[in-house]
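Chemist: Here is my input; please provide its structure:
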Amino acid sequence: MAELPDPTATLTGDDLKIFEHMASARSHAEGRARLGEVYVRMFNNPGVAAKVGALGEHLRFHATLPDEVRELVILRYASRQGFGYEWSHHQRPAKLAGISQDVIDELTIGKLPESLPDASRAVLQAVDAVDTKQSIPDDVQQRIIAAHGEAGVVEVVALCGLYAIMGYMVTAFDIGVEAGLPTPPDFR
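Modeler: Down below sits the predicted model:
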């Protein structure tokens, strides 16, 4: 197992301030005061943790896409990639954003929920294109742009990239889902 130690006891100065800021910024979304283990372990390289954390904070809390759309992207990408850690961490934010359990269940098994508005279905189709390393079809991109602008379509792809980083960190370093979070499905 390629585990990494928890470096938080050794953080000082700016690194500690960044760590505390990241935990505080995410606490309302996750309902926990502790920073997720993927970020904790990432602080074995504070510069990487700070940059990835800043991108995550921007995309989750200060970007163009509405909360519901952002969470649809994350859940779709996590399910398609089999990233159970991310799937678990985004159950609460998805529900807070108004996503029904039925839609979450459909995303989890790879369905494109019929109940979603056209623009949200287009976003999920864009995630599917990114996941299969394909160009986003023009009609799909135009539907996203009509709803969320060019900035929104860029955010869809950037969210996939961010959660790829997170998923690879979790996988490479055997980071488990923390106690108290939903148990992810077996995506195999």
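Chemist: domain parsing for the protein?
Modeler: Split into domains by automatic domain parsing, the chain comes to 11-61, 67-172.
Chemist: From the chain's centroid, how far away is the top helix by length along the chain?
Modeler: Under DSSP state H, the helix in the chain containing the largest number of residues is helix 138-172. Mean C-alpha position of helix 138-172 versus that of the full chain (CA atoms, centre = their mean, to the nearest Å) differs by 10 Å.
Chemist: Do you have the helices of the chain handy? List them.
Modeler: Using DSSP H, helices in the chain cover 13-30, 37-42, 46-61, 67-81, 84-89, 91-96, 101-108, 118-131, 138-172.
Chemist: where does this protein have low pLDDT?
Modeler: For the chain, applying pLDDT under 70 flags the ranges 30.
Chemist: Could you check what's spatially nearest to residue 184, not counting adjacent residues?
Modeler: Closest residue in space to residue 184, ignoring its immediate chain neighbours: residue 84 at 2.8 Å, by CB to CB, 6 or more residues apart in numbering. For glycine as for every other residue, the C-beta is placed from the backbone atoms N, C-alpha and C.
Chemist: Contact partners for the one you found?
Modeler: Residue 84 makes contact with 78, 177, 184-185, 187 under the criterion CB atoms under 8 Å, 6 or more residues apart in numbering.
Chemist: and with 7 Å instead?
Modeler: 177, 184, 187 (CB atoms under 7 Å, 6 or more residues apart in numbering).
Chemist: Kindly indicate which of those residues lies nearest residue 111.
Modeler: If you rank the contacts of residue 84 by distance to residue 111 using CB to CB, residue 187 comes first, at 13.9 Å.
Chemist: Which residue, other than its chain neighbours, is closest to that closest one?
Modeler: Residue 187 sits nearest to residue 82 (CB to CB, 6+ apart), 3.5 Å away.
Chemist: Check residue 174 too.
Modeler: residue 1 (4.7 Å).
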